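**Q** just the structure for this:
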Amino acid sequence: MAEAKTGDRVKVHYRGTLKDGTEFDSSHGGDPLEFTLGEAMVIAGFENAVVGMEEGETKAVSIPPEDGYGPRVEELVAVVQRSALPADLEPEVGMVLEAKSENGEVTVVTVTDVADDTVTLDANHELAGEELIFEIQLVAVA
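**A** The predicted model follows:
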């Protein structure tokens, strides 16, 4: 059987859950995820878990935030005046927006709170600060 190593193109099925069992992503019911090991196409902890697996093997791994989507950074949360948003936008909690900085950089933010005069925007990845549990099955190594 082929063992996955850096530079290999691999196909995996996976199920991602949080520590409380909440599923946040899965490839089951669809095509397997395909990527090249060593090209940082997936989070580091996921990629590291696949290296050394053999075709057909299944394993469960726990990935700390440092090897996932990073720690939560409170400086990436901002409270802005509603007047700073487009007049035709009615913000709702959970809404994903693109914010453009003065130098033209675009950042994806999530609305986490809406008050009468302010809106709280969070630029952290939704899984930042979370320990991620993955069940990974290596389907193929090319």
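**Q** what segments of the protein are helices?
**A** Using DSSP state H, the helices found in the chain span residues 44-50.
**Q** so how far is E135 from T36?
**A** Plainly put, T36 is 22 Å away from E135 if you go by C-beta to C-beta, to the nearest Å. Glycine gets a C-beta too; all of them are placed from N, C-alpha and C.
**Q** I misspoke; the intended subject was E34.
**A** E34 is 18 Å from E135, where distance means C-beta to C-beta.
**Q** what's the answer for G30, then?
**A** Using C-beta to C-beta, G30 is found at 15 Å from E135.
**Q** look at those two and report which has more neighbours.
**A** Remark: of G30 and E135, E135 carries more neighbours, 15 against 8, as counted by other C-beta atoms under 10 Å.
**Q** per-domain residue ranges of this protein.
**A** According to automatic domain parsing, the chain comprises the domains 9-70+127-141, 74-122.
**Q** got the confidence number for M1?
**A** pLDDT recorded at M1 is 71.
**Q** which residue comes closest to it once chain neighbours are left out?
**A** E54 (4.5 Å; C-beta to C-beta, 6 or more residues apart in numbering).
**Q** model confidence at that neighbour, what's the number?
**A** pLDDT for E54: 97.
**Q** and for A84?
**A** 89.
**Q** and for K100?
**A** Looking at K100, its pLDDT stands at 83.
**Q** give the contact list for the closest residue to it other than its chain neighbours.
**A** Leaving out its chain neighbours, the residue that sits closest to K100 by C-beta to C-beta, 6+ apart is V106, at 5.5 Å. Neighbouring residues of V106 by C-beta atoms under 8 Å, 6 or more residues apart in numbering: 98-100.
**Q** neighbour-wise, which one of the residues you listed leads?
**A** Neighbour counts for these peak at A99, which has 15 neighbours (criterion: other C-beta under 10 Å).
**Q** partner residues bridging that one?
**A** Under DSSP bridges, the beta-bridge partners of A99 are T107.
**Q** again with E23
**A** Under the criterion used (DSSP bridges), E23 bridges to T17.
**Q** make 8 the starting number, not 1.
**A** Sounds good: first residue 8 from here, last item E30.
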